[in-house]
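Engineer: Let's see this in three dimensions:
(2 chains)
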Amino acid sequence: MHSKNVYITTTLPYVNAEPHVGFALELVQADMYARYRTLQGDDVFFNTGTDEHGLKIYRKALEEGKDPQAYVDEYAAKFRALKDTLGLYPGLHFIRTTDPRHTAAAQEIWRRCRGSGDIYKKKYKGLYCVGDEAFIKESELVDGKCPNHPSMEPIEIEEENYFFRLSAYGDRVREYLSRDSAVIPEWRRAEALAFVERGLEDFSISRVKEKMPWGVPVPDDDTQTMYVWFDALTNYISTLGWPFDSAQGKPGQNLFDTFWVDGETLQLAGKDQVRFQSIMWQAMLMSAGLPTTKRVVYHGFVTSGGKKMSKSLGNVIDPLAIVGAYSADALRYFLARHIHPFEDGDFTMERFHEAYTANLVNGIGNLTARIMALAAAHLSEGVQPEPADFPPEYGAALDSFEFNRAADYVWGRVQALDQKITETEPFKLVKADVEKGRALIAELAVELYAIGRMLNPLMPGTSAKIEEAVLSNKKPETLFPRKE
RNA sequence: AGCGGGGUGGAGCAGUAGUAGCUCGCCAGGCUCAUAACCUGGAGGUCGCGGGUGCAAGUCCCGCCCCCGCAACCA
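Structural biologist: The predicted structure is shown next:
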């Protein structure tokens, strides 16, 4: 097996709210895949970070009487903490859109798009709501007023902004979207193509600095700030040190060439991101003369009680609270197996608790305890399992991002092993015939080890505990304590 | 209106055309190594409704019914 370079990134969450379980899903999916590829011997660059510019953040910071930079620093720290909270890949890279190397990269991609003739200045006339300090579309009006500020009269305003010539990229984007695996799952490809067929319109990529100072300055025009989308999308390559030679890579290694140009590139995003990730960002890359993303995987949304989570409904699931009350691996398990990888999935505490008890406490937790109790009592030393490849069925599920199927496979093995213990009765055999009993128990330990290894991408903490228990021949602390 | 998703045993879900499966609950039995756990068997389904294509349809095609999301916080 020859190793490949694999680039994986999530989208960057906008830092105007606490970490959301939906983002936890995206991070965990990306992390499982990153760990899987690492185990396969591939070289993985795994990126996430925070999107920190824009009017919403600027206004919110001012409302709270904070300096915008201090405000985003606070949030960035919270999101960075997810690395430990969720048990993420140790080599995870974290980019902030306020990092100097990022803002420099955003300016450079701007220059390149401009060099290709795809950026131009245009007067934009529209209805503007002073309350929101934003343009509103005709279709958004309620009784001719802004839905957020019904007491204010929208005013017609003219503003000059820069635009990106997306309209010139229809054919090339269509060709891109037709490539194998450009959009995963397959059925979202049609959705992306439908956007293109409807006709791509140029989009505004800057704001007047006076009104929106919290952003990346537009090169060679100090009256304008980049619109947050244009800036944020660049993070996927600024994190690699583009366009500068990487200071963070191995000596002599250019991370951008290694992972973006020569690597397998993979982005994860929510289902509402198709236009941004598979169309706008790809067109920006084309304009800048850079390779497009090989695959973009879109997950569904996490609902709660069948409804979209909202503070007013009070059905918001806080990933930090779950991890605190249960564990990171318990959350990862639920997200992997009980939330569909591509479609909307429902997350309620009842479902979560049920799955925790049935499959973690009574399942893998109990299985580990029963085998390791036997092993510790009857074997003189830990077994040393031969390294083995993942079963094809398991690998195939992960290759296609079907984490639920991968987990189903592992739990099928858990059940089969419980069954085997009942049928072969090692606890009796070891009394009747010590040698045969020991051989059987060793066999069970080897199988437990194989399960532990398969859990590595999904539940790294649990995986390590099981492997350690088998190798050292010790019954571990209770893996999943019973709750309630 | 339009767009997207969904309707599978009591509940929640998976299902990539070829004997309808998983978790929970229920009933009966087994085991005692293990976290009052584990194993076996059983009851319980006209896979929303009606057509169509196929040797074969939960799965593909057409029509219809019902539910959810598409203002904001929010992925």
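
Engineer: Run through chain A and note the low-pLDDT ranges.
Structural biologist: When residues are selected by pLDDT under 70, those of chain A lie in A:1-2, A:128-154, A:245-252.

Engineer: which non-adjacent residue is nearest the residue in the stretch 151-300 of chain A positioned nearest to RNA strand B?
Structural biologist: As assessed by CB to the nearest atom of the strand, RNA strand B sits closest to residue A:270 within the stretch 151-300 of chain A, at 2.9 Å. Just so you know, the C-beta spots here come from the backbone N, C-alpha and C atoms, and that holds for glycine as well. Leaving aside its sequence neighbours, residue A:270 sits nearest to residue A:299 (CB to CB, 6 or more residues apart in numbering; 6.2 Å).

Engineer: residues near the residue of the stretch 151-300 of chain A closest to RNA strand B, how many?
Structural biologist: When counting by other CB atoms under 10 Å, one arrives at 19 neighbours for residue A:270.

Engineer: just checking, it touches residue A:296?
Structural biologist: No. Using CB atoms under 8 Å as the test, residue A:270 is too far from residue A:296 to be in contact (11.0 Å).

Engineer: For the residue of the stretch 301-450 of chain A at minimum distance from RNA strand B, list the residues it contacts.
Structural biologist: Nearest residue of the stretch 301-450 of chain A to RNA strand B, counting by CB to the nearest atom of the strand: residue A:365, 2.2 Å away. By CB atoms under 8 Å, 6 or more residues apart in numbering, the residues touching residue A:365 are A:478-480.

Engineer: Could you do residue A:301 as well?
Structural biologist: Going by CB under 8 Å, 6+ apart, residue A:301 touches A:22, A:270-271, A:308, A:344.

Engineer: Which one of those sits in the busiest neighbourhood?
Structural biologist: Ranked by neighbour count (other CB under 10 Å), the contacts of residue A:301 have residue A:22 at the top, with 22 neighbours.

Engineer: Need phi/psi at the residue nearest to it when sequence neighbours are not counted.
Structural biologist: Using CB to CB, 6+ apart and skipping the chain neighbours, the partner closest in space to residue A:22 is residue A:302 (4.9 Å). Torsion angles at residue A:302 (phi, psi; degrees, to the nearest 10) stand at phi -90, psi 120.

Engineer: who does residue A:302 bridge with?
Structural biologist: Note on residue A:302: beta-bridge partners residue A:345, judged by DSSP bridges.

Engineer: Verify the stated contact: it with residue A:344.
Structural biologist: Yes. With contact defined as CB under 8 Å, residue A:302 counts as touching residue A:344 (7.3 Å).

Engineer: nearest to residue A:212, of the contacts of residue A:365?
Structural biologist: Residue A:212 has its nearest neighbour among the contacts of residue A:365 in residue A:480, at 48.9 Å by CB to CB.

Engineer: Enumerate every residue touching the closest one.
Structural biologist: Taking CB under 8 Å, 6+ apart, we find residue A:480 in contact with A:327, A:330, A:356, A:360-361, A:364-365.

Engineer: which one of those residues is nearest residue A:39?
Structural biologist: Distance to residue A:39 across the contacts of residue A:480 (CB to CB) is lowest for residue A:364, with 18.6 Å.

Engineer: quick one, phi/psi of the residue of the stretch 151-300 of chain A closest to RNA strand B?
Structural biologist: With angles defined as degrees, to the nearest 10, residue A:270 sits at phi -80, psi 160.

Engineer: The residue in the stretch 1-150 of chain A that RNA strand B sits nearest to: which element?
Structural biologist: Distance from RNA strand B to each residue of the stretch 1-150 of chain A (CB to the nearest atom of the strand) is smallest for residue A:22, at 2.6 Å. Assessed by DSSP states H and E, residue A:22 sits inside helix A:21-39.

Engineer: Show the secondary-structure elements that that helix is packed against.
Structural biologist: On a contact count with 3 or more CB pairs under 8 Å, 6 or more residues apart in numbering; DSSP states H and E, helix A:21-39 meets strand A:5-9, strand A:43-50, strand A:264-270, strand A:295-299, strand A:302-304, helix A:319-325, helix A:328-337, helix A:392-399.

Engineer: Next secondary structure element downstream of the shortest one?
Structural biologist: Read that as strand A:302-304. strand A:307-308.

Engineer: who does that following strand pair up with?
Structural biologist: Assessed with DSSP bridges, strand A:307-308 is paired to strand A:302-304 (antiparallel).

Engineer: For the strand it pairs with, give me every contacting residue.
Structural biologist: For strand A:302-304, the external contacting residues (CB under 8 Å, 6+ apart) are A:21-22, A:25, A:309, A:315-317, A:339, A:344-348.

Engineer: Now do the helix or strand in which residue A:195 is found: which elements does it pack against?
Structural biologist: Assignment of secondary structure by DSSP H and E places residue A:195 within helix A:187-197. Judged by 3+ CB pairs under 8 Å, 6+ apart, helix A:187-197 is in contact with helix A:170-177, helix A:274.

Engineer: Please enumerate residues in contact with whichever helix or strand comes after it?
Structural biologist: Counting by DSSP H and E, the next helix or strand C-terminal to helix A:187-197 is strand A:203-204. Residues from elsewhere that reach strand A:203-204 (CB under 8 Å, 6+ apart): A:124, A:161-164, A:166, A:227, A:229, A:280.

Engineer: Quick check: the farthest pair among those?
Structural biologist: Applying CB to CB across the contacts of strand A:203-204, the maximum distance is between A:124 and A:280, 17.6 Å.

Engineer: of these two, who's got more company?
Structural biologist: Comparing residue A:124 with residue A:280 by other CB under 10 Å, the one with more neighbours is residue A:280, at 22 against 13.

Engineer: before we move on, what SS does the more buried one have?
Structural biologist: What DSSP: H, G, I helix; E, B strand; the rest coil gives for residue A:280 is helix.

Engineer: What subset of the contacts of residue A:480 is buried?
Structural biologist: Neighbour-count burial (16 or more other CB atoms under 10 Å) applied to the contacts of residue A:480 gives A:327, A:330, A:356, A:360-361, A:364-365.

Engineer: List the ones among these that fall in helices.
Structural biologist: Using DSSP state H, the subset of the buried ones among the contacts of residue A:480 located in helices is residue A:330.

Engineer: all helices in the stretch 101-250 of chain A, in order from the N-terminus.
Structural biologist: Counting by DSSP state H, counting those that start in this stretch, the segments of the stretch 101-250 of chain A that form helices are A:170-177, A:187-197, A:228-233, A:235-238.

Engineer: Tell me who's in contact with the residue nearest to residue A:49 when sequence neighbours are not counted.
Structural biologist: Spatial nearest neighbour of residue A:49, chain neighbours left out: residue A:95 (3.7 Å); criterion: CB to CB, 6+ apart. With contacts defined as CB under 8 Å, 6+ apart, residue A:95 is in contact with A:12, A:47-50, A:102, A:235, A:238-239.
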